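Trainee: need a structure here:
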Amino acid sequence: MTKEKEMTEVKKLGMLSVAKITAIFGAILGLFYGIFMGVTYSFIQTDASQLTAETIAQNPQIQLITTLGWSSVIVIPIIFAVLYFIAGIGLSLIYNFASQKFGGIKIQLK
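Mentor: Sure thing, here's the model as predicted:
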């Protein structure tokens, strides 16, 4: 005989708690992206003879990489954390509104 576990419904999310967690994810993702940009910048600097001013002007990503360089390891995680914090607030607002209209997510707790 199996005992059915009770399902619990998540009716509302705390905006600040969701925003903090998403900001942490954003900072971690930004760190990886910043390291990638720093490495890419190193390769661009060593092979700069093939880049022309016109090529750089046409490609905004190359402009960003050459402007930030290795400082992107610090700058990009901060930017991502702020953007993900704002996104976390927005997503929790949307979830809270949708859960009132359509019901929340049902989960099974231990």
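Trainee: going forward, measure contacts between C-alpha atoms and count neighbours the same way
Mentor: Noted.
Trainee: mind listing what Val75 touches?
Mentor: Gly34 (Cα atoms under 8 Å, 6 or more residues apart in numbering).
Trainee: just Glu9 next, same as before
Mentor: Taking Cα under 8 Å, 6+ apart, one finds 103-107 in contact with Glu9.
Trainee: Among these, the buried ones, what's the PyMOL command?
Mentor: Command for PyMOL, covering only those of the contacts of Glu9 found buried under the criterion 16 or more other Cα atoms under 10 Å:
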select buried, resi 104
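Trainee: List the ones among the contacts of Glu9 that fall in strands.
Mentor: 105-107 (DSSP state E).
Trainee: Is it possible to get TSV of the residues you listed that adds distance to Phe32 and pLDDT?
Mentor: Shown next, in TSV, are those (distance: Cα to Cα, whole Å; pLDDT from 0 to 100):
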residue	distance to Phe32	pLDDT
Ile105	31	92
Lys106	33	92
Ile107	32	90
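Trainee: And Ile35, what's its pLDDT?
Mentor: Per-residue confidence for Ile35 comes out at a pLDDT of 88.
Trainee: hang on, it in a strand?
Mentor: No - using DSSP: H, G, I helix; E, B strand; the rest coil, the secondary structure at Ile35 is helix, not a strand.
Trainee: and the nearest residue to Ile78 once chain neighbours are set aside, how many neighbours?
Mentor: The shortest distance from Ile78 to any non-neighbouring residue, by Cα to Cα, 6 or more residues apart in numbering, is to Ala27 (6.3 Å). Using other Cα atoms under 10 Å, the number of residues around Ala27 comes to 25.
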